[in-house]
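**Student:** Provided below for reference: sequence and predicted model.
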Amino acid sequence: MVDHNVGKLAKRLRMMGYDALFFNGKKDSRMIATALAEGRVILTKDTQILKRRVVTSGQLKATLIKSDEPEQQMHQVIESLKLDYQPKPFTICLECNHPLAERSKQQVKDLVPPYVFKTQSQYMECPACHRIYWRGTHWQAMAQKLRNFMEGPVSDPNNIMNPGKVLDLP
């Protein structure tokens with residue numbers, strides 16, 4: 001569960017295929033209750049969350065995000081949660097966090113702009129919010145961000161990814 005104070009992190013996690021529920025509420029108690037009920041880890045910059053008894057007792061896991069840079073935040077989350085790094089890029093809706101479903105060209109004919117329908121052949125749809133995704137320029141820009149993130153600076157000793165590994169995006 002990603003707190004509002006590290007909101008960009010939610011979209012980045014989703015882009016890589018991680019379930020990342022975004023909390024934009026004001027009441028920390030609601031975020032904590034949801035995280036407990038759903039077995040989630042809270043990702044936040046709010047030091048007060050980490051002082052709560054439910055966290056200090058180990059009943060709820062929370063990670064204090066240290067950096068303001070989304071890439072460094074991602075590295076911290078992957079390392080601190082010991083995620084089995086098997087990215088499944090572009091499988092989660094960037095807006096509402098639901099798994100995407102493949103759609104045929106005919107299924108989206110009336111849902112995408114005519115130029116997109118003419119130039120694209122692969123589509124994904126969010127069954128919850130019905131947003132349609134395709135491999136246009138926005139997808140290409142996100143794919144490049146993922147490549148840059150996974151490759152990381154080779155000189156960075158804190159890079160936990162495989163330097164030089166090429167991201168094979170679907």
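**Tutor:** That came through fine.
**Student:** for the chain, what spans make up the helices?
**Tutor:** 7-15, 28-38, 47-50, 53-56, 70-80, 114-119, 137-151 (DSSP state H).
**Student:** worst average pLDDT in those?
**Tutor:** Of all the helices of the chain, helix 137-151 carries the lowest average pLDDT, namely a mean of 77.
**Student:** list the buried residues in that helix.
**Tutor:** Of all the residues in helix 137-151, those buried under the rule 16 or more other CB atoms under 10 Å are W139, M142, A143, L146, F149, M150, E151. (Each C-beta comes from the backbone N, C-alpha and C, glycine too.)
**Student:** same for it, what does it pack against?
**Tutor:** Judged by 3 or more CB pairs under 8 Å, 6 or more residues apart in numbering; DSSP states H and E, helix 137-151 is in contact with helix 7-15, helix 70-80.
**Student:** isn't T63 up against Q76?
**Tutor:** Yes - contact criterion CB atoms under 8 Å: T63 and Q76 qualify, at 7.4 Å.
**Student:** who are the neighbours in contact with E38?
**Tutor:** Residues in contact with E38 (CB atoms under 8 Å, 6 or more residues apart in numbering) are M1, L21.
**Student:** N5 now?
**Tutor:** N5 neighbours (CB under 8 Å, 6+ apart): T44, K45, D46.
**Student:** for these, which one is nearest E71?
**Tutor:** Closest approach between these and E71, by CB to CB: K45, at 15.8 Å.
**Student:** what is the burial count for that closest one?
**Tutor:** Using other CB atoms under 10 Å as the criterion, K45 is surrounded by 16 other residues.
**Student:** ramachandran angles for it?
**Tutor:** When read as degrees, to the nearest 10, the backbone of K45 gives phi -100, psi 0.
**Student:** roughly how far apart are the closest residue to it other than its chain neighbours and S29?
**Tutor:** Of all residues not flanking K45 in the chain, N5 sits nearest, at 4.5 Å (CB to CB, 6 or more residues apart in numbering). Spatial separation of N5 from S29 under the definition CB to CB, to the nearest Å is 16 Å.
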